[in-house]
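> Just need the structure, nothing else, for what follows:
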Amino acid sequence: MTTLYLDCGMGAAGDMTSAALYELLEEDERADALRALNGLGIPHVRFDAERTAKCGIAGTHFRVTVDGVEEAPADGGLDPARTRAHAHGGASHHHHAHRSLADIERAIADLPLPQAVASDASAVFARIAQAESTVHGAPVDQIHFHEVGTFDAVADVVAASYLFHRIGADRIVASPVNVGSGTVRCAHGILPVPAPATALLLRGIPTYAGTVASELCTPTGAALLAHFASSFGPQPPMTVMRIGYGMGAKEFAQANCVRALLGDEVPDFGAGPGGTEEIVELSCNIDDDTPEHIAFALELLLEAGARDAFTVPLTMKKSRPGTMLCALCLPGDRDRLARLMLRHTSTLGVRWKPCGRYALAREEGTVDTPWGPVPVKRSSGFGVTRVKVEHDRAAEIARAHGLTLNDIEAFL
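This is a model prediction of the structure:
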């Protein structure tokens, strides 16, 4: 499985992400990709890839100019998708100087892009508009982007979407995101880092502040990560074939870049199949509910797709006996299963944390025995192989023929 890993130790922005992806292409592919982007006809926009270095590391700065002018990073760094977004309501606004989400979606649809690229670019912009809508307390259709900034932001989003598709990785994983710290100046004043729209776009994604007093993750960068990355965490075991460095414009003590690693994920560095996977652990403490309610919630979690669910006895405040209800699930099931726990127990809150785990490959089959076929579950990986009989069928045979479970398992 081809895996693309994005190292966001210095945050993420649209141009930095595009530059890192651009560097993963072969030399002749890079020139072709740049011609394709400039051939899209985004109004007033030109793409250039410039070789540069940060802290002695060579990489690429993706230079996007509008009418020959590049967006300059001010204190904290400007992002065209945020600094030119406003909620409009009255007739006094100059609508000719602004673009709505619908305008942007039409503009993207008019570009000569593959349908999948256009759909992804529109979806990324929809995320940004929804975040701005929530921040401003205004409907999405009242969120407008200043016209000049629209060209810049569309260029960033379209370029990244195009390059993600051109690379064609089977899986995209990103590291926890360094958002920076301090404050950022934007059209509405001075805001904390991460800016409100960025913070909304990064909900559900592991982030941290780091030591750099600047805005490191922009709304465009956050929206691209939220849309394209399927999971977040440490780099999975993989054989890296290509490495790309996408450089930002600002200078810091640490190399200001997004690093992209492309290679084949190693499903097993032992023997046989198996591999690693990202899961989420949900848990809550309960001391005022009945055992029947907790047991029912546990059953519902398993029926709803939890990889596992279990309880742990606790001693809680005032020495009251309690129960911890836990569930393991895939990241995409986290919110749905957390709501189930809140609905079917008396807990006031559900904790969650991302986890990585080594997992054996599993398959189901049957084994022929003197009593007919018996369902079994096989698991293997990391030098381990196991075969386990399906208990209910084995118990049925044991009762019918006066056997023990060991008698039946001996035929596996």
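
> what's the neighbour count on the closest residue in space to residue 321 that isn't next to it in sequence?
With CB to CB, 6 or more residues apart in numbering as the criterion, residue 321 has its nearest non-adjacent residue at 6.4 Å, and that residue is residue 315. C-beta here means a position set from N, CA and C on the backbone, and glycine is covered the same way. By the criterion of other CB atoms under 10 Å, residue 315 has 10 neighbours.

> and what of residue 121?
27.

> Need the contact partners of stretch 292-307.
279, 286, 308-311, 323, 325, 327-330, 333, 336-337, 340-341, 344-346 (CB atoms under 8 Å, 6 or more residues apart in numbering).

> again, only using 7 Å
Contacting residues not belonging to stretch 292-307 are listed as 279, 286, 309, 311, 323, 325, 327-329, 333, 336-337, 340-341, 344-345 [CB atoms under 7 Å, 6 or more residues apart in numbering].

> ranges for the helices of the stretch 201-350 of the chain?
219-228, 291-303, 334-344 (DSSP state H, counting those that start in this stretch).

> what about the stretch 151-300 of the chain, any weak spots by pLDDT?
Along the stretch 151-300 of the chain, the model assigns pLDDT under 70 to residues 187, 267-274.

> Next up, the contacts around the closest residue to residue 8 other than its chain neighbours.
Leaving aside its sequence neighbours, residue 8 sits nearest to residue 177 (CB to CB, 6+ apart; 4.5 Å). Going by CB under 7 Å, 6+ apart, residue 177 touches 8, 11-12, 202, 205, 207, 217, 225.

> What about the residues you listed, which are in strands?
Using DSSP state E, the subset of the contacts of residue 177 located in strands is residue 207.

> what's the most distant pair in the contacts of residue 177?
Taking CB to CB, the two most distant members of these are 11 and 205; they sit 12.1 Å apart.

> Any chance of the backbone angles for residue 372?
Dihedral pair for residue 372: phi 100, psi 180, per degrees, to the nearest 10.

> Just list whatever residues bridge to it.
residue 369 (DSSP bridges).

> Would you mind measuring from it to residue 365?
14 Å (CB to CB, to the nearest Å).

> Columns neighbour count and distance to residue 386 on top of the contacts of residue 177, output as CSV?
Shown next, in CSV, are the contacts of residue 177 (neighbours: other CB atoms under 10 Å; distance: CB to CB, whole Å):
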residue, neighbour count, distance to residue 386
8, 27, 38
11, 29, 44
12, 30, 41
202, 23, 40
205, 20, 35
207, 19, 39
217, 29, 43
225, 25, 38
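
> Kindly reformat the contacts of residue 177 as JSON lines and extend each row with distance to residue 59.
Compiled in JSON lines, the contacts of residue 177 are given as follows (distance: CB to CB, whole Å):
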{"residue": "8", "distance to residue 59": "15"}
{"residue": "11", "distance to residue 59": "15"}
{"residue": "12", "distance to residue 59": "14"}
{"residue": "202", "distance to residue 59": "24"}
{"residue": "205", "distance to residue 59": "24"}
{"residue": "207", "distance to residue 59": "23"}
{"residue": "217", "distance to residue 59": "18"}
{"residue": "225", "distance to residue 59": "19"}
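
> What is the burial count for residue 398?
When neighbours are counted by other CB under 10 Å, residue 398 comes out with 16.

> typo on my end, residue 256
Residues near residue 256, counting by other CB under 10 Å: 25.

> show me what contacts it?
Going by CB under 7 Å, 6+ apart, the list of residues near residue 256 reads 10, 54, 247-248, 250.

> Now with 8 Å, please.
With CB under 8 Å, 6+ apart, residue 256 has these contacts: 10, 54, 247-250.

> Counting by contacts, list what the helix or strand residue 17 falls within packs against.
Element membership of residue 17 [criterion: DSSP states H and E] is helix 14-23. For helix 14-23, the packing partners by 3 or more CB pairs under 8 Å, 6 or more residues apart in numbering; DSSP states H and E come out as helix 27-38, strand 57-66, helix 147-167, helix 219-228, strand 238-247, strand 257-265.

> Let me have those in CSV, adding distance to residue 212 as columns.
Output for the helices and strands packed on helix 14-23, formatted as CSV (distance: least, CB to CB, whole Å):
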stretch, distance to residue 212
helix 27-38, 29
strand 57-66, 17
helix 147-167, 21
helix 219-228, 15
strand 238-247, 15
strand 257-265, 13
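
> Could you look over these and pick the most buried one?
helix 219-228 (a mean of 27; mean count of other CB atoms under 10 Å).

> quick check: angle from that helix to strand 257-265?
Helix 219-228 and strand 257-265 are oriented at 10 degrees to each other (axes from the mean of the first three to the mean of the last three CA atoms, to 10 degrees).

> Name the surrounding residues that touch helix 219-228.
With CB under 8 Å, 6+ apart as the contact definition, helix 219-228 has outside contacts at 6, 8, 11-14, 16-17, 79-82, 120, 123-125, 127-128, 131-132, 153, 156-157, 160-161, 164, 172, 174, 177, 194-195, 197-198, 201-202, 205.
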